[in-house]
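Engineer: pasting the sequence and the predicted coordinates here, then a few questions.
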Amino acid sequence: MISFIRKNQTFIYIAAVYALIFFQYPAYIAISRLVLHQGVDASIQPSYLLLWGLIRILIVIPLLFTLLAKENIDHEDLYLSFGNSKKVISITFWGTFIFTFLGIILYPWFINETTLTALRFVEYLPIFMLYAVTNAFIEETFFRGIAIRFLTDKSKFWIANLIQSFFFALIHIVNPMTSSPWLFVALTFFLGLGWGYLTKRYKSLVPAIALHVIADIFVAISLF
C-alpha cells in the first residue's frame with residue numbers, strides 16, 4: 001500500500017483536490033440557501049462570492065506550486081503560457097466577443113431569472129469580475145491544465161479531454177442558479193470539451209480562461 005501511494009502520489013494528490021473542489025459546491029449551496037431562507041438581504045452575497053474564490057485558490061494553488069516546484073514540471077506543460085501570442089490574443093478577442101453574444105441569447109434557457117438592476121450590476125461588477133477571474137483561473141488550471149497534462153501521459157488527448165470534461169461537468173450537478181440543472185451540466189460538459197481543445201490547440205490556458213470568465217459573469221448575475 002505504501003509503495004502504491006508513493007508511486008501514485010501525484011495522482012492521489014490531484015484526486016484529493018478534485019474531491020475538495022467537488023464538495024465545495026454542496027457546502028456553498030447549503031450556506032446560500034440557509035442565508036436566503038433566513039431572509040437576509042441579497043446584498044451580502046457578493047462577500048460570499050469573494051470567499052468562494054479565495055477558498056478555491058487556497059485549495060488549488062498549493063497543488064500547482066507542488067507540481068512546478070517539487071515535481072519539476074515546466075509551466076508550459078500545464079499550458080501556463082501565451083503559446084503563440086498573436087494567435088492566442090486573436091482567438092481570445094474574437095472568442096470572448098462571440099461567446100458574450102451567444103451568452104446573451106441563450107441566457108434565459110440555462111440560468112434563472114435575475115432581479116439585478118443595471119445600477120446594481122455596475123455596483124457589483126468589480127466583485128463579479130474578481131470572482132469570475134479567480135474561479136476561471138482555478139478551474140482552467142486544474143481541469144484544462146493539470147488534468148489534461150497527466151491524463152495525456154496515460155492516454156490520447158481526445159480521451160483525456162473527454163475525461164476531464166466529464167469531471168468538470170460533474171462538479172456542476174449541484175448548482176443553485178440554473179433553471180434546467182441537467183441541461184446546464186450538459187452545457188458545461190461541451191464547454192469543457194471546447195476549452196480543452198482550445199488549450200491544446202493554442203498551447204495556452206488564456207483563451208479558455210477568458211471564455212470561462214464570461215460564463216462565470218453570467219452565473220454570478222443569476223445569483224441576484
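Structural biologist: It's in.

Engineer: any idea how far apart the tips of stretch 68-76 sit?
Structural biologist: End-to-end span of stretch 68-76 (CA to CA, to the nearest Å): 10 Å.

Engineer: buried set for that stretch?
Structural biologist: By 16 or more other CB atoms under 10 Å, the buried positions in stretch 68-76 come out as Ile73. Every C-beta, even on glycine, is put in place using the N, C-alpha and C of the backbone.

Engineer: ok, stretch 124-139 next?
Structural biologist: Neighbour counts over stretch 124-139 (16+ other CB under 10 Å) mark 124, 127-128, 130-139 as buried.

Engineer: next, format those as a markdown table and append secondary structure, distance to Ala208 and pLDDT.
Structural biologist: As requested, these are exported to a markdown table (DSSP: H, G, I helix; E, B strand; the rest coil; distance: CB to CB, whole Å; pLDDT from 0 to 100):
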| residue | secondary structure | distance to Ala208 | pLDDT |
| --- | --- | --- | --- |
| Tyr124 | helix | 24 | 76 |
| Ile127 | helix | 22 | 77 |
| Phe128 | helix | 19 | 79 |
| Leu130 | helix | 19 | 81 |
| Tyr131 | helix | 17 | 80 |
| Ala132 | helix | 13 | 83 |
| Val133 | helix | 13 | 86 |
| Thr134 | helix | 15 | 83 |
| Asn135 | helix | 13 | 83 |
| Ala136 | helix | 8 | 88 |
| Phe137 | helix | 10 | 87 |
| Ile138 | helix | 12 | 85 |
| Glu139 | helix | 9 | 87 |
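
Engineer: now the helices for the protein?
Structural biologist: Along the chain, the segments classed as helices by DSSP state H run 2-7, 9-37, 45-65, 85-110, 118-139, 148-151, 157-170, 181-202, 206-222.

Engineer: and the angle from the fourth one to helix 206-222?
Structural biologist: Relative orientation of helix 85-110 and helix 206-222, computed by axes from the mean of the first three to the mean of the last three CA atoms, to 10 degrees: 30 degrees.

Engineer: next, the buried residues of helix 85-110.
Structural biologist: For helix 85-110, by 16+ other CB under 10 Å, it's Val88, Ile91, Thr92, Gly95, Thr96, Phe99, Gly103, Phe110.

Engineer: so the fifth one touches Ala208, yeah?
Structural biologist: This points to Thr96. No. If you go by CB atoms under 8 Å, Thr96 and Ala208 don't touch, sitting 11.0 Å apart.

Engineer: give me every residue that touches Gly196.
Structural biologist: Phe143, Arg144, Ile148, Ala160, Asn161, Gln164, Ser165, Ala208 (CB atoms under 8 Å, 6 or more residues apart in numbering).

Engineer: which non-adjacent residue is nearest Ala169?
Structural biologist: Spatial nearest neighbour of Ala169, excluding adjacent residues (CB to CB, 6 or more residues apart in numbering): Phe189 at 3.8 Å.

Engineer: do I have it right that the one you found meets Ser165?
Structural biologist: Yes. Between Phe189 and Ser165 there is a contact under CB under 8 Å: 5.2 Å.
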